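Undergrad: fold the following and give me the result.
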Amino acid sequence: MRLTSIAVGTALPAIFLASVMYGQRTNRSSAASASAAAPSIAVVNARVWTGDSRRPWADALAVTGERIAVVGTSAEVKKLARPETRVIDAGGMMVVPGFIDSHVHFVAGGFGLASVQLRDAKTPAEFIGRIKQYAAALPAGAWITEGNWDHEQWGGELPRRDWIDSVTPNNPVWINRLDGHMSLANSAALRAAGVGSDARDVPGGTIVRGNDGPTGILKDNAQALVDRAVPEPTPQQVDRAIDAAMSYVAGNGVTSVHNMGTWADVAAFERARHSGRMRTRIYAAVPLASWEPLRDTVRARGRGDAWLHIGGLKGFVDGSLGSHTAAMLAPFTDAPNDTGLFVNTPEHLYAWTSGADKAGLHVIVHAIGDRAIRAQLDIFARVAGEDGARDRRFRIEHLQHIAPADIPRVAQLGVIGSMQPYHAIDDGRWAEKVIGHERAKTTYAFRSLLDAGVRLAFGSDWFVAPATPLEGIYAAVTRRTLDDRNPTGWIPEQKITVEEALRAYTRDAAYAEFAESEKGVLAKGMLADFVVIDRDLTRIAPETIRDAKIVITVVGGKVVFEGSQSAAR
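TA: Residues are numbered from 1 along each chain as shown. Next comes the predicted model:
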């Protein structure tokens, strides 16, 4: 996701008036009373994977209020049912804790659902044609954004403004590559932003230039030159995007997300919380450089509740492999004079990390290339050494292309690997031409990291990839690339098991937001967030996992999604 401007804002959400540390204090009296009352929902005849090492499997559960009252046998749960209880006969289907997507850009994802869809455009002609068709339905002057194109679909040639100028004469276009680390502007957008042939280069970014000036491609920090010209969406538009995002993730079994966003996002989430529209639990991270306002907000108003809480800070070391802006120790195989870039200096990253850690905040940093990962590990080690032992749960987001020597360091420092398995089967189609086979051996190194003792938290990076945990599990277990050219798996030695992948999407993802006492496992007293899947993922051929379907999604004891296969009284 591209860097966003740090706009702290003046109004702090009312939800944080209660100075309660999320995960440190829970309403156990309500949990106790829940077990005594009649269940509102009972699920029987299921394969319940609890995620709880004390009882990994069961065949039924009951819910009272927003919490789980019983996890056990169908016989004991049926005895608790009353006429008002909704009984779901799973018929052998699988039940798992609600999936927690540990890395999303929720608002952008919601907006992207209604924008031009370019992710699977396989040729320049198809790319241009979709933009032409979308623009034809817009009023003059309306901006075209999002898009999520992937130039690797047609062999790697970057698009240019002259491709689309003739089909978008009345609309500025500013559409991002699917990783968010570079975007394409048409001439109208460049004019609106004042980006001409004399535009100066930007530290931590690149303006791609041709014989007649900027081609329209701007990478990483340079994207801010056009970002500033894009009209801000209205609060109503943002609210609609969030509602659309909540519907989308519920349909994919996601009950909680970790949002990597801005203070404006937090304000929008608070509107949804205040109006009773929340169907997805949100851990809302804000930019790392704004650690001081976050410190002050937490001190004054607390961290929120189980629906919306704060305390996390998201920073960036580098860009992405697909944009050739990941910071690598050695040059790219296909660009021998290029080792990528840092979008923030190590000095700034250290200062922000140190300040945030001293304030007791949660530091979450994007690092993709091996040089970027090593730099951030060095910073984490320095800060932890200076500030002393505490439960800080540092995270590295993506952790994609790690040097083998740094794998044990991640475990030794207690750093959480927040990773997105879908990227492995997407990038695996082309990554070796960029970094070669040897470095690819520890690309998305799930097996090596788990074996070293690293805790993994899985997510999607939506909008960059779809927020579909079932596809993520499929990716982690099979590593079969999207083009099906690796039937036994790309770098197959990095495969993991279904249960390991489930833990990364549930129990350990909850740990990655300091919420393991509230969710991530199915046990008495925990929040009633769970998903019914149409088949037991542990008992089917791994290559068929991607064919599984979400049948029911429950958040806080309420059904937020229901497919056509559910059976209930």
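
Undergrad: out of everything not next to it in sequence, what's closest to Ala142?
TA: Leaving aside its sequence neighbours, Ala142 sits nearest to Asn171 (Cβ to Cβ, 6 or more residues apart in numbering; 5.7 Å). For glycine as for every other residue, the C-beta is placed from the backbone atoms N, C-alpha and C.

Undergrad: wasn't that neighbour part of a helix?
TA: No - the assignment for Asn171 (DSSP: H, G, I helix; E, B strand; the rest coil) gives coil, which keeps it out of a helix.

Undergrad: numbering from 58 from now on, please.
TA: Yep, numbering from 58; the last one is Asn228 now.

Undergrad: hang on, it packs against Leu195?
TA: Yes - between Asn228 and Leu195 there is a contact at 5.7 Å, judged by Cβ atoms under 8 Å.

Undergrad: which residues are in contact with each of these two?
TA: Ile201 (Cβ atoms under 8 Å, 6 or more residues apart in numbering).

Undergrad: those two: which has the busier surroundings?
TA: Remark: of Asn228 and Leu195, Asn228 carries more neighbours, 21 against 14, as counted by other Cβ atoms under 10 Å.

Undergrad: show me what contacts the spatially most central residue of the chain?
TA: Nearest to the mean C-alpha position of the chain, counting by Cα atoms, centre = their mean, stands His160 at 2.1 Å. Applying Cβ under 8 Å, 6+ apart to His160 gives the contacts His315, Met317, Glu454, His455, Ser475, Gln477, Gly516, Ser517, Asp518.

Undergrad: try Ile185
TA: Per Cβ under 8 Å, 6+ apart, neighbours of Ile185: Trp220, Ile221, Val224.

Undergrad: now with 10 Å, please.
TA: Residues counted as contacts of Ile185 (Cβ atoms under 10 Å, 6 or more residues apart in numbering) are Ala178, Pro216, Trp220, Ile221, Ser223, Val224, Thr225.

Undergrad: so what's the third one closest to, chain neighbours aside?
TA: Pointing back at Trp220 there. Leaving aside its chain neighbours, Trp220 sits nearest to Ile185 (5.6 Å; criterion: Cβ to Cβ, 6+ apart).

Undergrad: do you know the pLDDT at that neighbour?
TA: Ile185 is assigned 97 on the pLDDT scale.

Undergrad: tell me if I am right that it is in a helix.
TA: Yes - under three-state DSSP, Ile185 sits within a helix.

Undergrad: from Arg330, how far off is it?
TA: Separation of Ile185 from Arg330 (Cβ to Cβ, to the nearest Å) stands at 42 Å.

Undergrad: hmm, back to that, what strand or helix carries the residue nearest to the centre of the chain?
TA: Assigned by DSSP states H and E, His160 falls within strand 156-161.

Undergrad: so after that strand, what's the next helix or strand?
TA: helix 163-169.

Undergrad: inside strands: which ones of the contacts of His160?
TA: Residues of these located in strands (DSSP state E): His315, Met317, Glu454, His455, Ser475.

Undergrad: leaving out the residues flanking it, which one is nearest to the second one?
TA: So that's Met317. Nearest non-adjacent residue to Met317, counting by Cβ to Cβ, 6+ apart: Lys371, 4.5 Å away.

Undergrad: where does that neighbour sit: helix, strand or coil?
TA: Three-state assignment for Lys371 (three-state DSSP): strand.

Undergrad: surely it and Trp320 touch.
TA: No - Lys371 is not in contact with Trp320 according to Cβ atoms under 10 Å; the separation is 11.9 Å.

Undergrad: about what we covered before: now render the contacts of His160 as JSON lines, adding neighbour count and distance to Phe587.
TA: As requested, those are exported to JSON lines (neighbours: other Cβ atoms under 10 Å; distance: Cβ to Cβ, whole Å):
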{"residue": "His315", "neighbour count": "27", "distance to Phe587": "19"}
{"residue": "Met317", "neighbour count": "30", "distance to Phe587": "25"}
{"residue": "Glu454", "neighbour count": "29", "distance to Phe587": "26"}
{"residue": "His455", "neighbour count": "29", "distance to Phe587": "28"}
{"residue": "Ser475", "neighbour count": "27", "distance to Phe587": "23"}
{"residue": "Gln477", "neighbour count": "27", "distance to Phe587": "23"}
{"residue": "Gly516", "neighbour count": "30", "distance to Phe587": "19"}
{"residue": "Ser517", "neighbour count": "29", "distance to Phe587": "19"}
{"residue": "Asp518", "neighbour count": "27", "distance to Phe587": "24"}
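
Undergrad: and which of these is nearest Ile553?
TA: Using Cβ to Cβ, Gln477 comes nearest to Ile553 of the contacts of His160, at 13.9 Å.

Undergrad: hmm, Ala566 and the closest one touching each other?
TA: No - the pair Gln477 / Ala566 is not scored as a contact, 11.8 Å apart, by Cβ under 10 Å.

Undergrad: give me the common contacts of the two.
TA: Common neighbours of Gln477 and Ala566 (Cβ under 10 Å, 6+ apart) are Asp158, Ser159, His160, Phe515, Gly516.

Undergrad: list the residues that contact the fourth one.
TA: Neighbouring residues of Phe515 by Cβ under 10 Å, 6+ apart: 156-160, 474-479, 503, 526, 529-530, 532-533, 557-563, 565-566, 569.
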